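Enquirer: Got a predicted structure plus its sequence, pasted below:
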Amino acid sequence: MYKFDFGKKISFAILLAAMGMIGLALLNVTQWARVNISVSNSLLQFLLGVSPNVAAGYAMPLILASFMPKVVKNTNKGEARKVFFFVSIFTTLGLIVWEFIQIDSKNLYFDINDIVATFGGVSLAFLVYVWLSKVKISNEQDTYSQTVTKNESSSQ
């Protein structure tokens, strides 16, 4: 299990939002690279093509969930995971609808690979959420154990 020593307690909402911001940073870097770097490698072109969908699929559920009290308080792990799952479904559907809207657009392009990339990004967000919730719970238990041990030793 990973251990973080933040010195102060960082809320789960901030952890979720910070991880989501990494996705937004990737989205910005990808947009910059698509405009400023000419690429002849077809694999790199493909990755630059689908990266915005991976980044959006990753970032949006984490950031949206950081505003959901049932997810952030994480008092009932099953309920919190269910709410995060529904936030992920909402995000996925929104991004897929956006992809289909692009069929009729003159400036934007529909690409089935973008839909697959969206699923990849949302799946990655779910894995990060599960990992963060385990780390957060582990750290809270460690803090509780240290507090109990400290209180027991000071009372003797």
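Expert: Perfect, thanks for sending it. Residues are numbered from 1 along each chain as shown.
Enquirer: Distance of Val135 relative to Asn41?
Expert: Distance of Val135 to Asn41, computed by C-beta to C-beta, to the nearest Å: 37 Å. Just so you know, the C-beta spots here come from the backbone N, C-alpha and C atoms, and that holds for glycine as well.
Enquirer: Those two: which is more packed in?
Expert: Neighbour totals were compared for Val135 and Asn41, and Val135 leads with 16 against 9 (other C-beta atoms under 10 Å).
Enquirer: and the gap between the more buried one and Ser123?
Expert: For Val135, the distance to Ser123 - C-beta to C-beta - is 19 Å.
Enquirer: same deal with Asn36?
Expert: Distance from Asn36 to Ser123, by C-beta to C-beta: 29 Å.
Enquirer: what's near enough to touch Leu62?
Expert: When contacts are counted by C-beta atoms under 8 Å, 6 or more residues apart in numbering, Leu62 is found next to Leu16, Ala17, Met19, Gly20, Gly23, Ala125, Val128, Tyr129.
Enquirer: Which ones among those residues lie within helices?
Expert: Counting by DSSP state H, the part of those found in helices is Leu16, Ala17, Met19, Gly20, Gly23, Ala125, Val128, Tyr129.
Enquirer: all strands of the protein, in order?
Expert: Shown for the chain, no strands are assigned by DSSP state E.
Enquirer: which regions of it sit below the pLDDT cut-off?
Expert: 1-9, 74-75, 136-156 (pLDDT under 70).
Enquirer: 80 instead?
Expert: 1-11, 39, 69-77, 135-156 (pLDDT under 80).
Enquirer: which stretches of it form helices?
Expert: Under DSSP H, the chain gives helices at 12-36, 42-65, 69-73, 77-101, 112-155.
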